[in-house]
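model this:
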Amino acid sequence: MPNLIAMSFEGELSPSFDLRCLQEGRVPDGWGIGFYPGGEKAATVFKEPAPPPGSVRSMLVRAWDHVASSVFVLQVRAARWGSISDANTQPFVRSWGRREWLFVHSGSLNQRLENGENRLFEPIGSTDTETIFCEVLTRIAHEFWRSLRDVDPGVLRGWLRDLNELGVLSCALTDGDDLIVYTDRRGAHPVHVWELLPPYEKVVFGDDDIQVDLTRRGTKARKGVIASTNILGAEEGGHPASWRELAPGTLLVIRQGAIVNEILPAASSSAAVSIRPIVKPMPPERPRSAPPRRLEIRHRTEYHYRTPVERSTHLLRLEPIHDRLQRVASFNLSVSVDGKWRDYDDVFGNRARRLLIDTPFQELVVEAHSLVVTLDTQPLDFRPLHARTSIPLNWLPFQRHMLAPYLLPPELPDSQLTELHEYAMAFVERNGFDLIDSLLDMNQSLYRDYSYEQGTTTVHTTPFEVYNTRRGVCQDFTNLYICLARLLGIPARYACGYLYTGPKHVNRAMAEATHAWAQVYLPESGWKGIDPTNGVLCQTDHVRVAVGRNYADATPTSGTIFAGGGAETLNVSVTVEEDA
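Below you'll find the predicted structure:
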């Protein structure tokens, strides 16, 4: 039987907990579940000492859909310290910093811990667990840390390591936002971790004594981290479980379903801790300065038709944008079939050519040759890095009017937009509502958690479908990023152009076709490029050709055939090379 389970998810889930041990008569001394419904900082705790077989409370956590939260802690007790009573049953809860904290403990101290002087919290019961909790929370309060986000994880691990000298200590501590998991330094009660990644349809895991079903009340594509003192097997037909055992003495910092720090035991006795960032450091790493580039681009598009095309019009957006961050040194556009044409700037400021062809043809070749100097060497060098802009953003009326086309998300069912908004808010909450950190985290997550798979989507694939399947190509990740940004009130638009990957880059496919990325409008900074396909901010490797509300506004070539043509074959080749 798992003695301790702690879970953190990227947004709210409503799992079902089946305490099978109560039905089969192997009754423990007590059990308890704590969570934070509605994202509030007030905790709800169900616990029961000496539970009867098939207890009503256990049925409640199995069937009640209001057991919903982004953080859960569960403990099943075998009593050693204290009588079997509510006062001695975990999880324990205390209020500090305008929030309620929960604590669960697996193991038992060999000697009683005496709380020090100036203690702000005192145990009600007589268990070693509650005494540990009160001691740790008193120390946090004395440091004037009001949340786990404020806590120095190295210092906290040091406190737990010292307390660990008194006996077995594997535990979990949460304030409703963050979840701390510590595993006993001697390995007496090991902790196993499963980093759950979508997509999935069914996630059920457990053993003969307990079963947890994350999808019984509906499937949501939530990323999560599950910690347990036992390895819990996945049910047949469900999402496979992948557990790893934490090194003894390790402390995890988990936020919104992601491990943001893993603090390992020191390699030598002279050092207290060593910190290994698993996902990324907090805050997300800013891009380094990039050198300016002079890039030569050749873009060739070939159309072949079964029967002659007698009359057609074409819209070409192939000339790169010329501005202070990108200079067009030269541009030449050739079309193999003569026609009437006119160059103009479209409503989004893109350089466009409208072409009318009355001469019959079965083959049409459009070739663009560009020489561009890219100068966006430091995209975030617009303000001191310590300056903070928070979400939500506030726009003046005239700004909101001008940005309106870039604030409206795609037309999707309300239920889908609601789930995507919850997904977007998980990044905001994970990063303390900081604008830049949230945007960078969202960019990195789409790069890490989604698979680049050609041929799995079409131009009609919606952002919600990409979110559900966790796969696609650059335009899919761009559409999803734009949708998430707009749901947060951040103006975002679609950018199309070219990507320089270098002569030896493993992903030459991205350099042999047009590329897509997002641009977000930041207060007093303007449009900044973000590439979720590669998890980077756009600097001097990206060449902008066209921008718009979506793919249709920025597509490089499009047109209409008025007569003839038949079946069409399209071939596109792109080369992007650094010009000496």
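
contact partners for R486?
Residues counted as contacts of R486 (C-beta atoms under 8 Å, 6 or more residues apart in numbering) are 406-409, 492. C-beta: built from backbone N, CA, C; applies to glycine.

and the strand or helix carrying it, how far from the chain's centre?
For R486, the host element (DSSP states H and E) is helix 474-487. Centroid displacement of helix 474-487 relative to its chain, using C-alpha atoms, centre = their mean, to the nearest Å, is 13 Å.

check which element follows that helix along the chain.
strand 492-499.

partner strands of that following strand and their direction?
strand 515-522 (antiparallel), strand 542-548 (antiparallel) (DSSP bridges).

which one, of these, ends up nearest to L325?
Smallest distance to L325 across the strands paired with strand 492-499 (C-beta to C-beta): 8.6 Å, for strand 542-548.

list the buried ones in the helix or strand following the closest one?
Using DSSP H and E, the helix or strand that follows strand 542-548 in sequence is helix 551-554. By neighbour count on 16 or more other C-beta atoms under 10 Å, the buried set for helix 551-554 is 553-554.

mind naming the longest strand for this protein?
strand 293-316 (DSSP state E).

elements contacting the next helix or strand after that one?
Downstream of strand 293-316, the next assigned helix or strand under DSSP H and E is strand 326-335. Judged by 3 or more C-beta pairs under 8 Å, 6 or more residues apart in numbering; DSSP states H and E, strand 326-335 is in contact with strand 361-374.

narrow the contacts of R486 to those in helices?
Per DSSP state H, helices hold no members of the contacts of R486.

can you say which of these are buried?
Among those, the ones that count as buried by 16+ other C-beta under 10 Å are 406-407, 409, 492.

for the residues you listed, which one is nearest L251?
Set against L251, the nearest of the buried ones among the contacts of R486 by C-beta to C-beta is A492 (36.8 Å).

surely that closest one and L480 touch.
No - assessed by C-beta atoms under 8 Å, A492 is found out of contact with L480, at 10.7 Å.

I357 contacts R311, correct?
Yes - with contact defined as C-beta under 8 Å, I357 and R311 form a contacting pair (7.1 Å).

so those two - more neighbours on which side?
Per other C-beta atoms under 10 Å, whichever of I357 and R311 has more neighbours is I357, with 21 against 16.

so where do the helices sit in the protein?
Counting by DSSP H, the helices of the chain are 20-23, 56-63, 128-142, 153-164, 397-403, 414-430, 435-449, 463-469, 474-487, 551-554.

let me know which of those is the nearest to A50.
helix 20-23 (11.0 Å).

what residues of the closest one count as buried?
By neighbour count on 16+ other C-beta under 10 Å, the buried set for helix 20-23 is 20-22.

now those as CSV including pLDDT?
Output for these, formatted as CSV (pLDDT from 0 to 100):
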residue, pLDDT
R20, 81
C21, 77
L22, 78
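
what lies in contact with stretch 427-443?
With C-beta under 8 Å, 6+ apart, stretch 427-443 has contacts from 149, 177, 255-256, 258, 260, 280, 282-286, 380, 388-391, 393, 424, 445, 481, 484-485, 488, 490, 520, 522, 530-532, 535-537.

switch the cut-off to 7 Å
Outside stretch 427-443, the residues that touch it by C-beta atoms under 7 Å, 6 or more residues apart in numbering are 149, 177, 255-256, 258, 283-284, 388-391, 445, 481, 484, 488, 520, 530, 532, 535.

ok, back up a step: closest one to K220 out of the contacts of R486, please.
K220 lies nearest to P409 out of the contacts of R486, by C-beta to C-beta, at 18.4 Å.

burial count for P198?
20.

typo on my end, G54
Using other C-beta under 10 Å, G54 is surrounded by 12 other residues.

how near is it to V61?
G54 sits at a distance of 13 Å from V61 (criterion: C-beta to C-beta, to the nearest Å).

now the strands paired with strand 492-499 in JSON lines, with distance to E577 and mean neighbour count?
Formatted as JSON lines, those follow (distance: least, C-beta to C-beta, whole Å; neighbours: other C-beta atoms under 10 Å):
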{"stretch": "strand 515-522", "distance to E577": "15", "mean neighbour count": "24"}
{"stretch": "strand 542-548", "distance to E577": "12", "mean neighbour count": "24"}
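
mind putting those in a markdown table, distance to Q211 and mean pLDDT included?
Converted to a markdown table, the strands paired with strand 492-499 look like this (distance: least, C-beta to C-beta, whole Å; pLDDT from 0 to 100):
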| stretch | distance to Q211 | mean pLDDT |
| --- | --- | --- |
| strand 515-522 | 41 | 96 |
| strand 542-548 | 49 | 97 |
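
list the contacts for V372?
The neighbours of V372, taking C-beta under 7 Å, 6+ apart as the test, are 295, 297, 320, 326-329, 543.

try it again at 6 Å.
Contacts for V372 (C-beta atoms under 6 Å, 6 or more residues apart in numbering) come out as 295, 320, 328, 543.

in the protein, what helix or strand scores lowest on average pLDDT?
When the helices and strands of the chain are scored by mean pLDDT, DSSP states H and E, strand 273-276 comes last with a mean of 48.

residue closest to the middle of the chain?
S445 (4.1 Å; C-alpha atoms, centre = their mean).

that one: what's its closest spatial neighbour, skipping adjacent residues?
Nearest residue to S445, sequence neighbours excluded (C-beta to C-beta, 6 or more residues apart in numbering): F427, at 7.0 Å.

try R112
Nearest residue to R112, sequence neighbours excluded (C-beta to C-beta, 6+ apart): D128, at 7.0 Å.

what mean pLDDT does stretch 111-125 get?
For stretch 111-125, mean pLDDT rounds to 80.

if you could redo that for stretch 549-561, that was the one I meant.
93.

and what of stretch 222-238?
Per-residue pLDDT over stretch 222-238 has a mean of 90.

repeat that for stretch 345-356.
Summarised as a single mean, pLDDT over stretch 345-356 is 95.

give me the residues contacting that stretch.
Counting by C-beta under 6 Å, 6+ apart, 313-317, 319, 339-344, 546-548 sit against stretch 345-356.
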